[in-house]
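Enquirer: structure here, sequence nowhere to be found:
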């Protein structure tokens, strides 16, 4: 998460929620929407999705195999 309040980096919460009824009828997307609604209602935390270009590294095994230098 980027751009949240300071407490977002320091405070931790255990949130327990219970879905009443048949949970098999609820998709993972619907579950995520419920978590978003709970976060907005209880913590005034509003989220939105965003695509960003970030650097990425690709680790690959060399032709000569894996080498580790622990010195």
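Expert: All right, it came through fine. Model, not experiment: these values are computed from the prediction.

Enquirer: output the lowest mean pLDDT helix or strand found in the chain.
Expert: helix 7-10 (a mean of 84; mean pLDDT, DSSP states H and E).

Enquirer: point me to the residue sitting farthest from the middle of the protein.
Expert: Within the chain, residue 64 marks the point farthest from the mean C-alpha position, 37.0 Å out by Cα atoms, centre = their mean.

Enquirer: would you mind measuring from that one to residue 58?
Expert: Computed with Cβ to Cβ, to the nearest Å, the distance linking residue 64 and residue 58 is 18 Å. Placement of C-beta: from N, CA and C, glycine included.

Enquirer: next one: residue 8
Expert: Here the distance between residue 8 and residue 58 works out to 31 Å (Cβ to Cβ).

Enquirer: those two - which one has more neighbours?
Expert: residue 8 (11 against 4; other Cβ atoms under 10 Å).
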